[in-house]
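Asker: Just a sequence and a predicted model for now, questions to come.
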Amino acid sequence: MDLTPPSSIGLVGGGLAAFWAAQTLRAQGYDGRLLLVTDEPHAPYDRPPLSKEVLLGTRESARTELLGPELVAELDLELVLGDRVTDLDVDSGRLTLESGIRVPVDRVLLATGGRARALRVPGADLPGVTVLRTREDAERLRTLLVAGGPVVVLGGGFIGLEVAAAARALGCEVTVVEAADRLLARAVPATAGEQVARAHRASGIRVELGLGVATIAGDDRVREVVLTDGRRIAASCVVVGIGMTPADELARAAGLEVGDGVLTDAGQTTSNPHVLAAGDVACSPDPWHGGRVRVEQWQSAQVQGVAAAHTMLGLAPPAPPVAWFWSDQGEVRLQVAGVPARGRDVVRRGGDGDSCTLHLDAGRVVGAVSLNRPRDLRGAMLLIESGAVVDPALFADESVDLRRTARATSPSGRR
């Protein structure tokens, strides 16, 4: 390979990052060969609805599709479904597929995503024990939920809590088991985790904290979950939501630098200038606070896919927006912006079920957590972006519109 403009680009993976990369490449004028290979039997689709609308039955899984036949034709995209890239030869510039097909490429985007972390306890392979990562997972899990019976969700992160809320809405008896001493321990401050726990308990969900699973018991299918304190919880369905691991095997085999995922620069280029990585598999610089991070979020996959497309064409990627993500859990809409953990001071607006906390460092907003207050969250994002120093007393006053405050401040640059 050389670094002349590409005439053939291979997108490996069928997720959001690859989808946005394909659209952006064509939008920026790329007219060469464009190939997308995914080992799933479906074209790229949107995953957030799987744990909500698809489980509830308000949207068919087929309607999560992002890349229909018309768009495939419009993008002049060679779409290879149900096949897997088994070898990436960065020296010769070739992808080898499991089917034996070999494809020459000038640039490669690794958007291989991740896989659900496996539960390593006896009984984890019993029928009725499942994860939620793909369309097939969602369809299988919905069948289990609509059958009724007690549901045990292992893991108090976003996926686990979204599934728990959906199961409860379908009338199931639900128990969430989390090994940490609070919900969402890695994602939000303790106060927000406690508010979320109260909301789920109020909806009738049982929440068990600080406990692990000793074993899963059953016969022809799962019947109960045995906790590490010896208690037994009846279960007709067990959902394992204990995180994910990056699917970086192809990158490792190709000799690329890998840490917690495939290491990239700000333009998503890996240790080989012809290979880029984006989405859940990529570990990239944090443009706002420094360091390197692998982010498992919808917005990050979109932003990185767009950035990678620009980089492959020799263009400067757009400036990254403030990091933001959301989670709909029944009556709770949780939104997080920036990096709340970097804040030294906290200002809260609202009450338990309807609040927004602003996390400040030296008077600047560096993060925000909203429960059912999207208006405040949008204002906080503008404040993070401006980098302005504002009197914290203004934030606590609920009559103050954060968006107007942000627009009235003079940008002082990113920190």
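Answerer: Great, that's in hand. Numbers count the residues shown, from 1 in each chain.

Asker: Please enumerate the strands of the stretch 251-400 of the chain.
Answerer: Assigned strands in the stretch 251-400 of the chain, in chain order: 258-259, 261-263, 275-277, 282-285, 292-293, 324-329, 332-338, 345-350, 355-361, 364-371 (criterion: DSSP state E, counting those that start in this stretch).

Asker: my bad, the stretch 101-250 of the chain
Answerer: Secondary structure of the stretch 101-250 of the chain (DSSP E, counting those that start in this stretch): strands at 102-104, 107-110, 114-116, 129-130, 151-154, 174-178, 206-209, 213-218, 222-227, 232-234, 237-240, 244-246.

Asker: which stretches of the chain form helices?
Answerer: Along the chain, the segments classed as helices by DSSP state H run 16-27, 53-56, 69-74, 135-146, 158-169, 190-202, 249-253, 298-312, 374-386, 392-396, 402-408.

Asker: So R294 versus G338, what's the distance?
Answerer: Taking CB to CB, to the nearest Å as the measure, R294 and G338 are separated by 17 Å. Heads up, the C-betas are built off the backbone N, CA and C, glycines and all.

Asker: With neighbour numbers in mind, choose between those two.
Answerer: Taking other CB atoms under 10 Å, R294 and G338 do not tie; G338 has more neighbours (24 against 20).

Asker: Hmm, S370 and that one touching each other?
Answerer: No: here G338 does not reach S370: they are 11.6 Å apart, not a contact under CB atoms under 8 Å.

Asker: who touches both of the two?
Answerer: Counting by CB atoms under 8 Å, 6 or more residues apart in numbering, the common neighbours of G338 and S370 are A380.

Asker: Number of residues surrounding L263?
Answerer: Residues within reach of L263, counting by other CB under 10 Å, total 21.

Asker: That one pairs with what?
Answerer: C283 (DSSP bridges).

Asker: what about it, distance to M244?
Answerer: For L263, the distance to M244 under the criterion CB to CB works out to 18 Å.

Asker: ok, now V177?
Answerer: With distances taken as CB to CB, V177 is found 18 Å from M244.

Asker: In terms of packing, which of those two has more residues around it?
Answerer: A direct count of neighbours by other CB under 10 Å for V177 and M244 places V177 higher, at 24 against 17.

Asker: Now do stretch 371-385: distance to the chain's middle.
Answerer: Counting by CA atoms, centre = their mean, to the nearest Å, stretch 371-385 is centred 20 Å from the centre of its parent chain.

Asker: Give the buried residues for that stretch.
Answerer: 371-373, 376-385 (16 or more other CB atoms under 10 Å).

Asker: Put the alpha carbons of it into PDB.
Answerer: What follows is stretch 371-385, C-alpha atoms only, in PDB (Å, rounded to 0.1, in the frame of the first residue of the first chain):
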ATOM      1  CA  LEU A 371     -32.900  12.800  34.900                       C
ATOM      2  CA  ASN A 372     -35.900  13.900  32.900                       C
ATOM      3  CA  ARG A 373     -34.500  17.500  32.400                       C
ATOM      4  CA  PRO A 374     -33.400  17.500  28.700                       C
ATOM      5  CA  ARG A 375     -33.600  21.300  28.500                       C
ATOM      6  CA  ASP A 376     -31.000  21.700  31.300                       C
ATOM      7  CA  LEU A 377     -28.800  19.100  29.700                       C
ATOM      8  CA  ARG A 378     -28.700  21.000  26.400                       C
ATOM      9  CA  GLY A 379     -27.800  24.200  28.200                       C
ATOM     10  CA  ALA A 380     -25.000  22.300  30.100                       C
ATOM     11  CA  MET A 381     -23.600  21.000  26.800                       C
ATOM     12  CA  LEU A 382     -23.300  24.600  25.500                       C
ATOM     13  CA  LEU A 383     -21.600  25.600  28.800                       C
ATOM     14  CA  ILE A 384     -19.100  22.800  28.500                       C
ATOM     15  CA  GLU A 385     -18.400  23.700  24.900                       C
END
